[in-house]
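Engineer: A structural model of the following input is requested.
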Amino acid sequence: MTTSTERHRLPFDPIQEASRLWGLRWEETPRMRAVTSLMRVHQLVLTELDELLRPLGLTFARYEVLVLLSFSRRGALPLGKIGERLQVHATSVTPLVKRLESAGLIQRTPHPEDGRAVLASITPEGRQVLQQATDAIVSAQFALSSLTDEQCDELTQLLAPPRAAAGDF
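Structural biologist: Here you go, the predicted model:
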């Protein structure tokens with residue numbers, strides 16, 4: 001399978017060139033290079049995962065909602081909780097949930113204890129699609145097959161301090 005990164009391979013490293021130019025004008029070149037690399041890898045990984053999930057009618061964002069619901073004890077969560085746990089604004093959750101609902105992968109119901117809230121529940125079909133999607137993502141090693149397990153652990157450790165400093169945990 002030819003990935004989008006193989007189809008559009010650049011003849012030079014644009015981050016190294018941007019870093020060189022940045023350093024001629026401003027400070028904090030190592031952090032600029034790190035952030036730019038992090039954001040670029042995010043784009044590349046997300047693109048590959050979205051391509052893997054497209055045949056199942058999912059994006060990675062919709063997949064995350066299904067995973068989150070499958071992790072909950074009842075297979076259901078209020079929409080506000082979904083946004084909170086995925087760290088996205090409530091206005092971003094609604095379109096995700098609507099798309100999943102129209103595909104029959106979740107259903108929305110009024111919250112039984114809070115009349116203002118809406119619950120999203122994963123359906124049996126949603127669980128089936130979730131398993132297929134997870135199989136595809138795991139087979140693709142989460143689009144990080146170029147890293148060893150040890151490098152993945154190291155990357156996770158490297159990213160923990162900025163996450164903690166931002167109040168992520």
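Engineer: Point out where this structure drops to low pLDDT.
Structural biologist: For the chain, the stretches with pLDDT under 70 are 1-7.
Engineer: Residue most distant from the centroid, it?
Structural biologist: L24 (34.4 Å; CA atoms, centre = their mean).
Engineer: which secondary structure element contains V88?
Structural biologist: Taking DSSP states H and E as the definition, one finds V88 inside no helix or strand.
Engineer: Against L155, how distant is it?
Structural biologist: 23 Å (CB to CB, to the nearest Å). Every C-beta, even on glycine, is put in place using the N, C-alpha and C of the backbone.
Engineer: just D13 next, same as before
Structural biologist: If you measure D13 against L155 using CB to CB, the figure is 19 Å.
Engineer: do A165 as well
Structural biologist: Distance from A165 to L155, counting by CB to CB: 17 Å.
Engineer: Looking only at neighbour counts, state which of these two leads.
Structural biologist: More neighbours surround L155 than the other of A165 and L155, with 14 against 8 (other CB atoms under 10 Å).
Engineer: excluding its backbone neighbours, what's nearest that one?
Structural biologist: L147 (7.0 Å; CB to CB, 6 or more residues apart in numbering).
Engineer: and if you look at S121?
Structural biologist: In space, and not counting its chain neighbours, S121 is closest to A76: 3.9 Å by CB to CB, 6+ apart.
Engineer: residues in contact with that neighbour?
Structural biologist: L69, T109, L119, A120, S121, I122 (CB atoms under 8 Å, 6 or more residues apart in numbering).
Engineer: Remind me which helix or strand the fourth one belongs to.
Structural biologist: Per DSSP H and E, A120 falls inside strand 118-122.
Engineer: next one: the second one
Structural biologist: Under the assignment given by DSSP H and E, the secondary-structure element containing T109 is strand 106-110.
Engineer: What strands flank that strand, and is each parallel or antiparallel?
Structural biologist: Paired neighbours of strand 106-110 in the sheet (DSSP bridges): strand 118-122 (antiparallel).
Engineer: Just the CA atoms from the partner strand would do, formatted as PDB, please.
Structural biologist: Below are the C-alpha coordinates for strand 118-122, written out as PDB (Å, rounded to 0.1, in the frame of the first residue of the first chain):
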ATOM      1  CA  VAL A 118     -27.800  13.800  26.200                       C
ATOM      2  CA  LEU A 119     -26.200  10.400  26.400                       C
ATOM      3  CA  ALA A 120     -24.300   8.800  23.500                       C
ATOM      4  CA  SER A 121     -24.400   5.000  23.600                       C
ATOM      5  CA  ILE A 122     -22.400   2.600  21.400                       C
END
